[in-house]
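Please find the sequence and the predicted model below.
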Amino acid sequence: MHPSLRSVSLRDLALAGLAALVLMGCETGGGRSLPDVSLVGDAAATLDASLEAGAPGCSAEAMGATLGQPCASAVECDDTCFCDGAELCIEGVCTAGAVPCTDALDCTRESCVEESRECVFEADDSLCSDGDACNGAEICDRVVGCRSAAPLYCNDESSCTVDSCDPAVGCVFSPRDLDGDGFTDGRCGGDDCDDDPRFGTDIYPGATEICDNRRDDNCDGLRDYNDPTCRPSNDACDSAQALPGAGTYSGSTRGLASDFTLGCRPSGPDAVFRFSLDAPHDVRVTLAGGGSGAGVALRAFASCADGPDLKCGRGTPPRLLDRSLPAGDYVIIVQTASSGAVFDLNLSIGDPSEVPLVDVCSGTTVDISAGGRFDGLFDDVEDDYGLSCHSSTTGYRDAAYRFTLTAPQDVTLTASSSGVRTPTTYLSLLTDCGDASTTLSCVAGTSSVLRRRGLEAGTYFVLLESSAGDANAWSLDASFTDPAPRRAPGDACDTVEDITFGPATASLDTAEFDVGTACGGSSSAYRDVFFKFSLTSPRNVNLSTDGAGTHYVALESRCGAIGSAALPQRLVAHGSELPQPARRRLLRCGLDHAAHRHGQRGGQLLAAHARASERSLRGGHRRLWWLLLHRHPRRLRGRCARLLGRESRRRLLHLHPQRSS
């Protein structure tokens, strides 16, 4: 609306319109309208002037041209422009009025369009920004003004980026570098092999390798002594690496000499570690790595150079345990089969404990005389003994039991062990655990069964061992019954067959397993028979066997005792002749000897014959028993033949096992 019309009231305009309609038909000549008698004052004059002359247009020169001019009314101050507002006449001077295009909102940009004489209000979100992109982009609402929006959700759902928000730019998704060393996590395509913020700051490509912190500091894939830049220096007692306490430590024998002879390893490059105890403790040492055949020994520091070993362990893995080790200084000697072997040494120090009653043979060893089932864990025992039927005599933990018979009894012992796979269990019966020559029987199998018929009164020990270094548990069943009669010829010592004056036969079908031999046939799947012969004067003796296929033959000085003192275990023969040294020691004056033959069931007859001739052997009355077996002929023949030597063919004492037809 033109400013000149603003002073005209709506009432005046209405009256003017009504008067025009009433007087429309009262014109006189010339078509001239009646005066605006109904409008009064300045409003009537302004409206009349506007109608007759038309509203003048606004120009740049006209806008504001009346300001400061003398006036009698606001009409005189009007510059005909809309956008600079309606000028006022105040105290006789034209004064600027209020600008028409304004509102109460801070986030709108106002503009005035003179041509259309209207105001335009545009919302500008930038006028609402608080400078922090993380709390969301503020917006301008034309009704209420500035209002906040939802904060940014900075999560790209990737574990390989670190999500954050920068107030200046908003969400930032950076490649993961949790330890802040400037290298991207290797698990996310980077080359940092350890991005752990706790200690990875010093681990990155190009860093210096620290040889004993159990970390790959320079990210070349070679940890500690696996890195060729690391070379150990703990080669002797006075340069032993000090261990602050229990823990796992890196080591190597690279470049080290062989300085020590261990009880379980004769030689090899060795590394020395030292630790101290301020009170008695159980000490357990375990070696991981080091290559095949590695060993570990524990010694007092004062005896570091020459020993003796307090404990020495081999096996898979090499390990040892010394219970209630007194306070003092000690060394651990690690010996490997080859130079450059790398290993981890674990030292465990625990509260002192008593030796379990199944760990060693003594008067307090667990008594199984009443029979029953006995279970145990290999973690509770150590490797204390070597079993005659187990070729690996070190590095395998063994359990010990004892029983006492007050009268002859039939004894049946059954043992098994458990591990990752089904291991072989070795079971030995003997009278002195520290002397393998007192072994009465030693058997092996996944479920070993050891039987002794009519075992004489006395105290005996049972040793149990597994073929698996990781075996965790064992079970032993013991049964003692009154002796059953043995009637089959040759089945036992009390039914032995005499071959002094001619051949004798025995059937495997009716025989049972009793003892086995030192060179094989220790499994309870075998059967054995016994023969004897006697000499009344020095003689050369030729023994021959027929039937039962391939078999073992053992000559013994006492029936049913493996490796009797008069005939060492090395004299056991199979498929060949006894060597000269064996013949010379075989028959000595006044001694009884036994030979056993051992094989599987099958109804085959075993025939034996002894023939004597005049020669230079000294001797008197003797008896001989022998044992015959026929399992896995190819394997057994080669195994026993190696025990005898090539010179045996020229000797006079013959054992001729043959296959049955």
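Ah, there it is. Source: prediction; values computed, not measured.

residue ranges of the helices in the stretch 51-200 of the chain, please?
Under the criterion DSSP state H, counting those that start in this stretch, the stretch 51-200 of the chain contains no helices.

remind me which residues of it are low pLDDT?
51-56 (pLDDT under 70).

In contact with the closest residue to residue 424 other than its chain neighbours, which residues?
If the residues on either side of it in the chain are set aside, residue 424 comes closest to residue 467, at 4.0 Å by Cβ to Cβ, 6 or more residues apart in numbering. Heads up, the C-betas are built off the backbone N, CA and C, glycines and all. The neighbourhood of residue 467, defined by Cβ atoms under 8 Å, 6 or more residues apart in numbering, consists of 390, 392, 396, 423, 424, 425, 426, 444.

Now do the fifth one, the pLDDT please.
According to the prediction, residue 424 has pLDDT 91.

try the second one
Among the per-residue scores, residue 392 holds a pLDDT of 67.

try the last one
According to the prediction, residue 444 has pLDDT 90.

ditto for the third one
Looking at residue 396, its pLDDT is 82.

Please apply the same query to residue 638.
31.

how about the residue positioned nearest the centre of the chain, phi and psi?
The residue lying closest to the centre of the chain (Cα atoms, centre = their mean) is residue 288, at 12.3 Å. With angles defined as degrees, to the nearest 10, residue 288 sits at phi -110, psi 120.

Contacts only, for the nearest residue to it once chain neighbours are set aside.
Distances taken as Cβ to Cβ, 6+ apart place residue 344 nearest to residue 288, at 4.4 Å, with adjacent residues excluded. The neighbourhood of residue 344, defined by Cβ under 8 Å, 6+ apart, consists of 214, 248, 249, 250, 251, 287, 288, 289.

Is residue 344 located within a strand, as I assumed?
Yes. Counting by DSSP: H, G, I helix; E, B strand; the rest coil, residue 344 is found in a strand.

got a pLDDT number for it?
At residue 344, pLDDT is 95.

Please report the distance of residue 92 from residue 72.
7 Å (Cβ to Cβ, to the nearest Å).

hang on, the earlier thing: per-residue pLDDT of the residue nearest to residue 424, please?
For residue 467, the pLDDT comes out at 86.

and if you look at residue 548?
Looking at residue 548, its pLDDT is 52.

Which of the contacts of residue 344 are buried, as a ChimeraX select command?
Restricted to buried positions by 16 or more other Cβ atoms under 10 Å, the ChimeraX selection for those reads:
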select :249,250,251,287,289
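
What is the nearest of the contacts of residue 344 to residue 363?
Of all these, residue 287 has the smallest distance to residue 363: 33.7 Å, by Cβ to Cβ.

Make sure the closest one is indeed in a helix.
No. Counting by three-state DSSP, residue 287 falls outside a helix, being strand.

Name the residues linked to it by a beta bridge.
On the basis of DSSP bridges, residue 287 is bridged to residue 345.

One more: residue 543?
With DSSP bridges applied, residue 543 shows beta-bridge pairing to residue 610.

Repeat that for residue 311.
Beta bridges link residue 311 to residue 298, judged by DSSP bridges.
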